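Visitor: need a 3D model of the sequence below.
(one chain, ligands or ions: 2)
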Amino acid sequence: PFSHMPNSYYMDPSDSCYEICHRVIRDMTQYGVCVLNNFLGRERGLMVLNEVLEMYRSGIFTAGQLVRSNSATTEAQTIRSDLITWIDGKEPNCTYIRQLISQVDNIILRANKMANNGKMGDYVINGRTKAMVACYPGSGSHYVKHVDNPNKDGRCITAIYYLNLDWDVKRCGGLLRVFPEGTNQVADIAPIFDRMLFFWSDRRNPHEVQPAYSTRYAITLWYFDAHEREEARRNFKERGQPSSSK
Ligand SMILES: Cn1c(O)c(C(=O)NCC(=O)O)c(=O)c2ccccc21
Ligand SMILES: [Mn+2]
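Guide: Ligands and ions are numbered 1, 2, ... in the order given. Below is the predicted model of the structure:
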């Protein structure tokens, strides 16, 4: 639960898209963070989980940045040990992941239109990255405190879908701790099964993944703001760097 933020919202299959979008707009506008529980419902959530487990078993995940030896000392300092793979959802055996992605697209794009004069947080959302499927293999794997988009690369909303059945933070760790800018209070979000999380990707929401002691899966999408993205691509061109394809 959030000390200064909304309690996460328990979705119900009868919820209309309007109600959900309204909730997203309200929480993002007021807190910059929004949590929706029971996002797909147990059955479809399990189908997404099975597709991710199958992908993991097939070995297509690549190590994040496993270790970077710390020159000052001999032992290799593990800076993050996540395993990731990028998918667009059209791959074989990704039917349910594809449905999840289009469900999130639906909500984000409609919420963006519904918000006052077609903007949510003054953004005009016109695209997103591929889906990043991430696995923390347990044994203390973690992700240091960071900002997803510190330098205006165009990403405005981070959307994370968690897949972890029976996740107990006391036993398994893996808590997402968000440090919202401008307050000394934190938002602790457990990566529990069928939970959907949205937050502004910029410096308003530094966050960390605390050490995980069980295998921890999540699927992340980053949504682009049209103007910021266009500006970022222009800057890349001027600096002669190919604008990233994502
Ligand atoms: C694996 N992983 C991440 O888990 C997060 C992240 O913030 N995750 C939050 C979470 O899983 O709750 C990231 O932001 C991230 C960024 C680039 C590459 C990999 C990344
Ligand atoms: Mn992040």
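Visitor: which residue is the nearest non-sequential neighbour of A115?
Guide: I25 (4.9 Å; Cβ to Cβ, 6 or more residues apart in numbering). C-betas here are computed from N, CA, C, even on glycine.
Visitor: also M11?
Guide: N38 (4.8 Å).
Visitor: kindly report the same for Y18.
Guide: In space, Y18 is closest to M114, 7.6 Å off (Cβ to Cβ, 6+ apart).
Visitor: any idea how far the one you found lies from N38?
Guide: Distance of M114 to N38, computed by Cβ to Cβ, to the nearest Å: 22 Å.
Visitor: those two: who's more crowded?
Guide: N38 (18 against 15; other Cβ atoms under 10 Å).
Visitor: quick one, what contacts the residue nearest to Y18?
Guide: Y18, C21, H22, I25 (Cβ atoms under 8 Å, 6 or more residues apart in numbering).
Visitor: got phi/psi on it?
Guide: Backbone torsions for M114, taken as degrees, to the nearest 10, come to phi -70, psi -30.
Visitor: can you check K145 too?
Guide: Main-chain torsions, K145, degrees, to the nearest 10: phi -60, psi 130.
Visitor: okay, and the residue most central in space within the chain sits in which element?
Guide: Taking Cα atoms, centre = their mean, the centroid of the chain lies closest to I160, which sits 2.8 Å from it. Using DSSP states H and E, I160 maps to strand 155-162.
Visitor: wait, does that strand make contact with ligand 1?
Guide: Yes. Counting by Cβ under 6 Å from any ligand atom, contacts between strand 155-162 and ligand 1 involve I160.
Visitor: now that strand: buried residues?
Guide: R155, C156, I157, T158, A159, I160, Y161, Y162 (16 or more other Cβ atoms under 10 Å).
Visitor: wait, isn't H227 in contact with V124?
Guide: Yes. Contact status for H227 versus V124: in contact at 6.7 Å, counting by Cβ atoms under 8 Å.
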